[in-house]
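> Fold the following and give me the result.
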Amino acid sequence: MLTEIQCNKFSLEHQTIHFKSGLNTVLGSAGGSNAIGKSTFLWIIDYAFGGESYYSLSNDIKKEIGPHTIYFTFQFEGQLHYFYRSTDDPKYVYRCDKDHHFITKLTLDEFQRFLFQEYKVELPALTFSEITERYFRIYGRENTLEKYPLLIKPREQDEKAVDFLMKLFGHYKILAAIKSMEEELGIKSSQLKSRQRQKVDIEKIEMNKKSIDSLKIRLQKLMKNSEEAQLAMFGFDTQTFERITAAQKELNSFIRKRNRLQSQLNAIKSNITESNPETASEFDSLVHFFPNADLKAFEEIEYFHKKIREILGQEMDQEIERLQPLIDHCDREIKRLYQKIEESGLAKEMSERVLSQCVNVSKSIDRLEDETAELIHQKELQEARAESEHRLLKLLQQQTEKLEQIQDDINMRMEIINGVVTEQHETAPLLQITPQKEIIFETPSNTSEGTAFKSLVVYDLSILELCPIPALIHDSNILKRIEDTHLEHILERYQDSGRQIFIAFDKADSIAEKARKILEGTAILRLSDGNELFGRSWSKYESND
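Numbering: from 1, shown residues only. Alright, predicted model coming up:
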């Protein structure tokens, strides 16, 4: 809790202000004077909690007071923590000892995290300032409008205020999951029901698959069909086919005949080219190994063989002379038949047609396969998106259920508090949160100003009792509009809240005795004309203070 604030710019009798647990009242004079520093001191309390509006809010303080230092002390679990902030260095908080000697320098975020931890807020989805800026209601901040207690300012979207409540009640994970799913789908959840969904043509996928199978069979036939079948396929007449077939058969016959003749010729030439044996040298070798051998008998035999080879050589030359013309004739016929077939153009045309048909069929297959793959991909994406949308709808349903639970908890607590405040004589305020995160806050059958401000306080008290709000600030512009009969019970509720509540109030002498005694008993600072916070007043300082 906050235990103390000091400033040497305050008047001498106010330079040190001590706080207590429960209700802490900044009390104005009986005359209800303004410009004495009540709201300013509430802004200083906000400053001690890490707020950033003090000093920047009013040019009069800058002009009339100038730069100054605020010292403040917190106590957590019996341990005191001393700090100070300088108005000319507002982004930092300085830890010090009880005599204000510097210890360490903290950024504003570090200081607020310290408070967040020590107050045991335990809501990681929120920052300390996000909580205090909604429930520190000080004149000059736009959160004091009685008809919109959930909004931090009139221009804030209802959705943002509802999301804050979700986080405050510990349901941030649902919000995070919805946001993640919205980013994945590329739409806001509010657009989900109205979105036009394109359906993938499943029948087209099946038709394409059948067409692909049929085309593949056709392509296979084109590649494997006999010449007769190909000719028939491409529309050639039978007479043309018969002429070309006869020429092809004749060509094959000449090719086979030429190959046979050429084989014979090659064999003869091979025999002719066999080397003539060196008989003299061979006989010399024989004598070397067999000195008594009869060489004359061998020479006669060899002479006989020589005569035989001469005769055979003449016959083989004659055979070559006979075979070569036959081979040449076959070559001429083969060339003629090749030319005849080529001149007919049939083979080339048939080949080109087959190739063209194969290419066209292949292109059709590729096109259908690409189209089918894209359709299947779109179908898979559609199914994945449908699954994501289904998960998003489930999350939205969970969110709606949590919002209904939050709404019911707040309404039930407001009914209890309102029953105490009005002694069961008036209707409690009612909060409605639609699934679309629209907020309706009203007090049924009662639209008076006093009731509206009373309902705002009842709402804040219900949040304070349901959630880990570290403290509450209500300025006099809220409380002075509430009926005296209700104010007394509100002050009692403040006292019994178990947490620090800081209020500003004037005209205490004009209210009921019991309420006046509570204000007097909880006053931590009394201000009046001639007893201002800074020891003096200046014109038009806070017109509604």
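> Tell me which residues are up against the helix or strand encompassing Arg95.
According to DSSP states H and E, Arg95 maps onto strand 92-96. Applying CB atoms under 8 Å, 6 or more residues apart in numbering, the external contacts of strand 92-96 come out as 50, 71, 81-86, 102-108, 110-111. Yep, even glycine has a C-beta here, placed from its N, CA and C like the rest.
> Give the partner strands of that strand in its sheet and their orientations.
The strands beside strand 92-96 in its sheet (DSSP bridges) come out as strand 79-86 (antiparallel), strand 102-107 (antiparallel).
> Could you identify the helix or strand that succeeds the shortest one?
Sequence-wise, the next helix or strand beyond strand 102-107 is helix 108-118, with elements assigned using DSSP H and E.
> what packs against the helix or strand that comes right after that following helix?
Scanning forward in sequence from helix 108-118 by DSSP H and E, the next helix or strand is helix 128-135. Other helices and strands packing on helix 128-135, by 3 or more CB pairs under 8 Å, 6 or more residues apart in numbering; DSSP states H and E, are helix 108-118, helix 158-168, helix 449-466, strand 471-474.
> Can you list the buried residues in stretch 449-464?
For stretch 449-464, the neighbour count (16 or more other CB atoms under 10 Å) marks 450-464 as buried.
> Next: stretch 53-72.
Of the residues in stretch 53-72, those with enough neighbours to count as buried (16+ other CB under 10 Å) are 53-55, 57-58, 61, 65, 68-72.
> Gly419 reaches Ala428, doesn't it?
Yes. Using CB atoms under 8 Å, Gly419 makes contact with Ala428 at a distance of 7.0 Å.
> of these two, who's got more company?
Just comparing Gly419 and Ala428: by other CB atoms under 10 Å the higher neighbour count belongs to Ala428, 22 against 15.
> Name the nearest residue to that one, ignoring sequence neighbours.
Closest residue to Ala428 apart from its sequence neighbours, by CB to CB, 6 or more residues apart in numbering: Asn418 at 3.7 Å.
> Contacts only, for that neighbour.
So Asn418 contacts 426-429, 455, 458 (CB under 8 Å, 6+ apart).
> Give me the next element, helix or strand, following the helix or strand bottoming out on mean pLDDT in the chain.
Taking mean pLDDT, DSSP states H and E as the measure, the chain has helix 227-234 as its least confident helix or strand, at a mean of 50. Per DSSP H and E, the first helix or strand lying C-terminal to helix 227-234 is helix 238-272.
> which strands and helices sit next to that following helix?
The contact analysis (3+ CB pairs under 8 Å, 6+ apart) places helix 238-272 against helix 295-344, helix 346-421.
> where does the stretch 351-500 of the chain dip in pLDDT?
Along the stretch 351-500 of the chain, the model assigns pLDDT under 70 to residues 351-359, 379-386, 388.
> Could I have the CA atoms of stretch 107-115 written out in PDB?
In PDB, the C-alpha atoms belonging to stretch 107-115 read as follows (Å, rounded to 0.1, in the frame of the first residue of the first chain):
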ATOM      1  CA  THR A 107      12.600   3.200 -15.800                       C
ATOM      2  CA  LEU A 108       8.900   3.800 -15.400                       C
ATOM      3  CA  ASP A 109       8.100   0.300 -16.800                       C
ATOM      4  CA  GLU A 110      10.500  -1.300 -14.300                       C
ATOM      5  CA  PHE A 111       8.800   0.600 -11.500                       C
ATOM      6  CA  GLN A 112       5.300  -0.400 -12.600                       C
ATOM      7  CA  ARG A 113       6.400  -4.000 -12.900                       C
ATOM      8  CA  PHE A 114       7.600  -3.800  -9.300                       C
ATOM      9  CA  LEU A 115       4.200  -2.600  -8.200                       C
END
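> Can you list the buried residues in it?
For stretch 107-115, the buried set under the neighbour-count rule, 16+ other CB under 10 Å, comprises 108, 111-112, 114-115.
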